[in-house]
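Participant: Build me a structure from this.
(one chain, ligands or ions: 1)
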Amino acid sequence: MLFLPTELPGVFVIEPEPTGDDRGLFARTYCAEEFARRGLCTQWAQCNVSFNTRAGTLRGMHWQAAPHEEVKLVRCTAGAALDVVADARPDSPTYRKWVAVELTAANRRAVYIPGGYAHGFQTFADGTELFYQMSAFYVPGAARGARWDDPALGIAWPPCDRRVIAPRDLSFPDLPT
Ligand SMILES: Cc1cn([C@H]2C[C@H](O)[C@@H](COP(=O)(O)OP(=O)(O)O[C@H]3O[C@H](C)C(=O)[C@H](O)[C@H]3O)O2)c(=O)[nH]c1=O
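Facilitator: Numbering: from 1, shown residues only. Below you'll find the model as predicted:
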């Protein structure tokens with residue numbers, strides 16, 4: 001696996017290094033030793049799947065408030081999505097910065113997201129599914145969010161005629177600019 005840093009401290013794109021043959025390919029997608037060697041999380045409390053019926057489905061931007069922060073390891077297991085990580089913490093030196101990476105079933109990439117960052121994605125294809133490893137148990141009352149189109153973040157989402165967004169995600173208040 002290749003661990004590619006991004007402009008957000010601690011956020012990595014993890015590229016598999018597949019071995020191919022005439023049957024197809026084999027690739028390691030996780031290794032506790034390689035993660036520990038880089039100071040990354042190796043303890044995962046829960047795994048989740050997010051299935052998205054329609055292309056243009058946009059979920060996010062979500063995070064869990066302290067002390068229930070979640071480290072997330074996210075990959076796409078069907079279809080394709082633009083995955084976005086943003087710093088929505090006004091007291092952070094990287095406040096308002098965001099990074100985006102295409103996660104697809106074909107590229108088998110993953111994104112490693114430290115606790116405290118906001119996470120979201122927009123799907124490119126019907127039937128897109130994402131698989132999450134989460135470092136902490138989900139606490140509903142600790143769920144926080146920022147709007148996908150918050151001017152403070154200015155996330156450049158892919159153009160889309162008709163996004164599918166949950167009413168809660170449309171109702172998050174503006175972040176301070
Ligand atoms: C996140 C989560 C949700 N749920 C329950 C709560 C609801 O009854 C149902 C759907 O939850 P929600 O609408 O919050 O799901 P998403 O909008 O996909 O939220 C996720 O989307 C963004 C992109 C993320 O990064 C997080 O994983 C998470 O916030 O699953 C659980 O039981 N456990 C969980 O960890």
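
Participant: For this protein, what lies in contact range of the ligand?
Facilitator: When proximity is defined by C-beta under 6 Å from any ligand atom, the chain lies next to the ligand at 48, 50, 59-60, 62, 119-121, 132, 138, 166. Bear in mind the C-beta positions are built from the backbone N, C-alpha and C, glycine included.

Participant: What subset of those residues is buried?
Facilitator: The neighbour count (16 or more other C-beta atoms under 10 Å) marks 50, 59-60, 62, 119-121, 132 as buried among these.

Participant: tell me which residues in stretch 87-106 are buried?
Facilitator: Neighbour-count burial for stretch 87-106 flags 87-88, 94-104 (criterion: 16+ other C-beta under 10 Å).

Participant: Phe131 belongs to a strand?
Facilitator: Yes. The assignment for Phe131 is a strand, going by DSSP: H, G, I helix; E, B strand; the rest coil.

Participant: Please verify my assumption that it contacts Gln46.
Facilitator: No. The pair Phe131 / Gln46 is not scored as a contact, 11.7 Å apart, by C-beta atoms under 8 Å.

Participant: Could you check how far Asp83 is from Arg168?
Facilitator: As judged by C-beta to C-beta, to the nearest Å, Asp83 and Arg168 stand 20 Å apart.

Participant: returning to what we had before: would CSV of the buried residues of stretch 87-106 with pLDDT and secondary structure be doable?
Facilitator: CSV is the format used below for those (pLDDT from 0 to 100; DSSP: H, G, I helix; E, B strand; the rest coil):
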residue, pLDDT, secondary structure
Asp87, 98, coil
Ala88, 95, coil
Thr94, 97, coil
Tyr95, 97, coil
Arg96, 97, coil
Lys97, 98, coil
Trp98, 98, strand
Val99, 98, strand
Ala100, 98, strand
Val101, 98, strand
Glu102, 98, strand
Leu103, 98, strand
Thr104, 98, strand
